[in-house]
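Asks: Sharing a model prediction with you, sequence too.
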Amino acid sequence: MTEPFARPTRPAADPVAPPRAPRAFAAETVQALPPQIAAEFDVEPDLDLVTPPPARRMSLLTRVALWAAGLLVSLGLGLAAEALIRDLFARYAWLGWLGSAALAVLVLGIVVLAIREAVALRRLRSLDRLRARATQALVTDKQAEGRAILSELSALYAGRPDLAAARTELDKDRAGLFDGAEMVRLGERRLMAPLDARAKILIAASARRVALVTAVSPRALVDIAFVAYESIRLGGTIATLYGARPGFFGTFRLIGAILAHLAVTGGLVLTDGLMEQLIGQGVAAKVSARLGEGVVNGLMTVRVGIAAMRVVRPLPFATLGQPLVRDFIPELANVAKAADPR
Amino acid sequence: MAQPPTSFTDEIGIALGNLADATTGAFTPTVRLGVTGLSRAGKTIFITALIHNLLSGGRLPGFAPMAEGRFIGARLAQYPDASIPRFAYEQHLAALTAPTPHWPESTRRISQVRLQLKYASKSWLNGWRGPMTLNLDVVDYPGEWLLDLPLLSLSFAQWSAEALERAHRHGAEREAKPFLTALDQIDPLAEATDSAAETLAVAFTQYLRLSREDGRALSSLPPGRFLLPGDLEGSPALTFAPLPPPTGPVRSDSLYGMLERRYEAYKDVVVRPFFRDHFARLDRQIVLVDTLRALNAGPDAVADLETALTGVLACFRTGDPNPFLRLISRRIDKILFAATKADHVHHTAHDKLEAILGRVVARAARQAKFAGAQTHSLAIAAVRATREGTIAEFGERLPTIIGTPMAGEKLAGTIYDGKTEIALFPGDLPEDPDSVFQPQTRVKLNFLRFQPPQSYASAEDGSPLLPHIRFDRALDYLVGDKMA
């Protein structure tokens, strides 16, 4: 038989500090804080509120195999270069020196390029992180978090003359804010709004080009190539616009992210009506088969552009609406009219 | 039995008024903003800041039309009702920005203002029509009068019972004693004389006045016009007092009969027109609550504040209007509960202040939500009078607010002269909002009232920029969606 027993469900309560009594001090003895109040009085952030899902990592085996393959390739390249330089020296000494110099320049170039790529990748990732934090701050409303996000945004766009006016406005407004969520919204209104407008113009221009090329191109293969080229270019331009400046590998990563995004949303951008798309395509197809294809390809480009915006925008769409595919339909209709002078 | 707050003819008048508004509103929509708050809650300051910020395009980053650059401008317009004075915006602003700034005097009469707002709409249909106009109507009135609204549904006997119960309550002896003695010396069933009624009314008024002073800070003591009679002073409708239930049949010429008639007259002449003309037809409402004053005075005052607010807010017509009846019926579909004077506590305590406010208005908010209205709570300061700082004291860093307390404010034996700037640590607000109601866990708090800021930054056009706390969010919640 077990004896009946009871245990407190909670450990003995921590000694609660007694509430502090009111006090007044002479104004001179105070360390006045700047209008932005020191973060030390901010409440500790709740970490368990919104934790982003862990990024997908390659398995250990794959990484080891890749690493070994990389080592082998590097060894091979090194051997080849060494053999080449040795051969050059064997012919003429000056040729050997020339080869060595060229090799040094090549290595230096590769190192610099690698650093730039690494930085670009980092920047892309930091945009992702910033967006995750901003999404979290919108929920938790923590002041310190909001302020950190705003300073990061300011730092991100510090070198951008086109956003100078917006940044000054932002700095003026943020002094009177107390809520993290409010700061994120302010950042979005001040900094994202002008960028969004320009991104929309870029997307519309790309879509128009794609629609026109598709409508007039003789072969399907040409359209496909052009759509692919235009999409990659659009993704890169939008990323640069929002401050990512992706390099070579960065572009790959970006395209991967955009494709993943398109796959998740099934090619449709969320919150967009399926009906409008079908109707838009139906009407276009009625006009002529090629024009219809042009509009379809244009819409595809629009979707790529919107996906790119969602991937690289450092803040979530909170106060400003995300652009919808239907916003671009009038643009494409204009192209259809222009290309079809009947 | 509860009586309906309005008569049938009132209802017809209200419906016709709404119909007229709906007709003119087809061209220029009007939003009637109800600024509700007991006396000293900060209604006048709120309205002044509202007008000034909209007129001068103040710094309101959280107000969507302004933040998105869609707000074009505002101007003061002619108010349609010619019988009521205009809100003295210029005088109130002058008081705030004078070389020796002071808060505007407490409101003694009703006044109104209409703001015409121009903005560009976000929706493509309205955007195509060019700049849109919205009229914003606001009424300012003495907060004491608000306490009368619950009387509309109480008979004389019910009200007397409530008032006497409150006067007999523990803790009220000091204020209520003279009135209760006067009451004992009178036979309610004896023949009525004016002098007896006057004696009683004077004693009763004195009792009300004492109960509302800072030490007690009780709120829920109608009738409000006894404290601020205006031009009705001394009239029969204001000369009555609660009486104990009659022990025998009431003759109409007895004192009881007379006071009962006067009570009904008070409702008919004073309260009902006020309600019908200003509160029966509102679209949006902000309820300003001076939580800090009640917290200063202790659990009784907080509980009393809750009772008063719940009673007052039950009178308003809240809920989502039926789309078929929208032409003739207006209802408040969004209510914002605002703890005013948030600048009198450090910003780290704002969350707790909002929690306490949420607890105080919980019953009222539940009623409103049940009727179908949206509610929200915020800690705001329409004009921010303090700065913040820290101080090291006894090995701990205390968050303090820096400002100049009003003359006569007291803390720990010091009485301030209204000129010295101090850093104040007003005490920690409790974590658990319930504890402000419990007398045994009396929290040590002492909030001081501060003078308005001594100087202001100025906007591009030279008009002063009023610093504020979350005023933009409040405004956005109240009218932002009407200007979408």
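Replies: Nice, thanks for sending it over.

Asks: near chain B at all, stretch A:135-152?
Replies: Yes - applying C-beta under 8 Å from any C-beta of the partner chain, one finds stretch A:135-152 touching chain B at A:Q143. Backbone N, C-alpha and C define where each C-beta goes, glycine included.

Asks: how far out from the middle of the chain is that stretch?
Replies: 18 Å (C-alpha atoms, centre = their mean, to the nearest Å).

Asks: B:G62 in helix, strand or coil?
Replies: Following DSSP: H, G, I helix; E, B strand; the rest coil, B:G62 is assigned to coil.

Asks: Which residues are in contact with the residue nearest to A:R189 when sequence neighbours are not counted?
Replies: Leaving out its chain neighbours, the residue that sits closest to A:R189 by C-beta to C-beta, 6 or more residues apart in numbering or on different chains is B:A67, at 4.6 Å. Going by C-beta atoms under 8 Å, 6 or more residues apart in numbering or on different chains, B:A67 touches A:185-186, A:189-190, A:319, B:60-61.

Asks: most surrounded residue in those residues?
Replies: Top of those by neighbour number is A:R185, holding 26 neighbours under the definition other C-beta atoms under 10 Å in any protein chain shown.

Asks: Going C-terminal from the helix-or-strand element of chain B with minimal mean pLDDT, what's the next secondary structure element?
Replies: Lowest on mean pLDDT, DSSP states H and E among the helices and strands of chain B sits helix B:124-128, with a mean of 66. Per DSSP states H and E, the first helix or strand lying C-terminal to helix B:124-128 is strand B:132-140.

Asks: could you dump the contacts of B:A67 to a markdown table with pLDDT and secondary structure?
Replies: Output for the contacts of B:A67, formatted as a markdown table (pLDDT from 0 to 100; DSSP: H, G, I helix; E, B strand; the rest coil):
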| residue | pLDDT | secondary structure |
| --- | --- | --- |
| A:R185 | 90 | helix |
| A:L186 | 90 | helix |
| A:R189 | 89 | helix |
| A:R190 | 88 | helix |
| A:T319 | 84 | coil |
| B:L60 | 87 | coil |
| B:P61 | 86 | coil |
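
Asks: and of the residues you listed, the nearest to B:I110?
Replies: Proximity of the contacts of B:A67 to B:I110 (C-beta to C-beta) peaks at B:L60, which lies at 27.4 Å.

Asks: my guess is A:I232 meets A:F248, correct?
Replies: No - taking contacts as C-beta atoms under 8 Å, A:I232 lies outside contact range of A:F248: 11.5 Å.

Asks: So for the two, which residue has more residues nearby?
Replies: The neighbour comparison of A:I232 against A:F248 (other C-beta under 10 Å) goes to A:I232, with 16 against 10.

Asks: any idea which helix or strand carries the more buried one?
Replies: Here A:I232 is assigned to helix A:220-241, by DSSP H and E.

Asks: And that helix, what's buried?
Replies: A:223, A:226-227, A:230-232, A:234-239, A:241 (16 or more other C-beta atoms under 10 Å in any protein chain shown).

Asks: now stretch B:6-13
Replies: Buried residues in stretch B:6-13 (16+ other C-beta under 10 Å): B:6, B:10.

Asks: List the contacts of that stretch.
Replies: By C-beta under 8 Å, 6+ apart, stretch B:6-13 touches B:14, B:152, B:272, B:275-276, B:280.

Asks: Got the confidence number for the residue nearest the centre of chain B?
Replies: Centroid check for chain B by C-alpha atoms, centre = their mean gives B:G37 as the closest residue, at 0.7 Å. B:G37 is assigned a predicted lDDT (pLDDT) of 85.

Asks: next one: B:R363
Replies: On the pLDDT scale, B:R363 gets 91.

Asks: so it sits right up against B:T310, yeah?
Replies: Yes - here B:R363 reaches B:T310: they are 4.7 Å apart, a contact under C-beta under 8 Å.

Asks: Which residue comes closest to the closest residue to chain B within the stretch 51-200 of chain A once chain neighbours are left out?
Replies: Of all residues in the stretch 51-200 of chain A, the one sitting closest to chain B is A:D173 (3.8 Å; C-beta to the nearest C-beta). Excluding its sequence neighbours, the residue lying closest to A:D173 (C-beta to C-beta, 6+ apart) is B:P61, at 3.8 Å.

Asks: ok, the one you found - contacts?
Replies: Contacts of B:P61 (C-beta under 8 Å, 6+ apart): A:173-174, A:176-177, A:182, A:186, A:189-190, B:67, B:472.

Asks: buried ones in the longest strand belonging to chain A?
Replies: Using DSSP state E to define each element, chain A has its longest strand at strand A:23-26. For strand A:23-26, the neighbour count (16+ other C-beta under 10 Å) marks A:23-25 as buried.

Asks: For B:V139, see how far away the nearest residue to B:A459 once chain neighbours are set aside is.
Replies: If the residues on either side of it in the chain are set aside, B:A459 comes closest to B:L465, at 5.1 Å by C-beta to C-beta, 6+ apart. Distance of B:L465 to B:V139, computed by C-beta to C-beta, to the nearest Å: 26 Å.

Asks: more neighbours, B:R363 and B:T310?
Replies: B:T310 (19 against 16).

Asks: Can you give me the distance of that one to B:A303?
Replies: 11 Å.

Asks: that older thread, count of residues packed around the residue nearest to B:A459?
Replies: Neighbour tally, B:L465, other C-beta under 10 Å: 18.

Asks: my read: it touches B:H52, true?
Replies: No - between B:L465 and B:H52 there is no contact under C-beta under 8 Å: 9.2 Å.

Asks: Distance from the chain centre to stretch A:212-231, please.
Replies: Using C-alpha atoms, centre = their mean, the offset of stretch A:212-231 from its chain centre is 27 Å.
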